[in-house]
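Colleague: My questions concern the predicted model and sequence given below.
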Amino acid sequence: MFASQPPGNGHYSMPPAAAPTRGTEGCGPCSILAAQLRQAVQDRNQSAEVDARVRIRRHMRREHGTELPLPPSN
C-alpha cells in the first residue's frame, strides 16, 4: 500500500511521506521533489506518489551519494 492509504489495507506499508533531509539542506531539487511527494500524497495520487519516491531515490543516489532503504515487504 501507499503512504496515502489508511493502514491495514495492504500487505506492506510505505515509509512516511517525507523526503529525507539529512545532508540535503539548500538543495533545490530535493525541495522540489519533496514538494511533489507531499502534493501526491495530499491528492491521494498513488501513481504520482510512486513516481516522486523513485525520483527522490535516484536524485539521492546520484547527487548526494546516499542509498535510501527500500520499504520492507512483509
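Modeller: Perfect, I can see it now. Numbers count the residues shown, from 1 in each chain.

Colleague: okay, and for the chain, where does confidence drop off?
Modeller: Along the chain, the model assigns pLDDT under 70 to residues 1-24, 71-74.

Colleague: Now with 50, please.
Modeller: 1, 10-13 (pLDDT under 50).

Colleague: For it, give the helix that spans the most residues.
Modeller: The longest helix of the chain (DSSP state H) is helix 46-64.

Colleague: For stretch 28-45, C-alpha coordinates in CSV please.
Modeller: In CSV, the C-alpha atoms belonging to stretch 28-45 read as follows (Å, rounded to 0.1, in the frame of the first residue of the first chain):
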residue,chain,number,x,y,z
GLY,A,28,16.8,22.9,-4.8
PRO,A,29,15.9,19.6,-6.5
CYS,A,30,15.4,18.0,-3.0
SER,A,31,13.0,20.7,-2.1
ILE,A,32,11.1,20.3,-5.4
LEU,A,33,11.0,16.6,-5.1
ALA,A,34,9.8,16.7,-1.5
ALA,A,35,7.0,19.1,-2.5
GLN,A,36,6.0,16.8,-5.4
LEU,A,37,5.8,13.9,-2.9
ARG,A,38,3.7,15.8,-0.4
GLN,A,39,1.3,17.0,-3.2
ALA,A,40,0.9,13.5,-4.5
VAL,A,41,0.1,12.2,-1.0
GLN,A,42,-2.3,15.1,-0.4
ASP,A,43,-4.1,14.4,-3.7
ARG,A,44,-4.1,10.7,-3.0
ASN,A,45,-2.5,10.2,-6.4
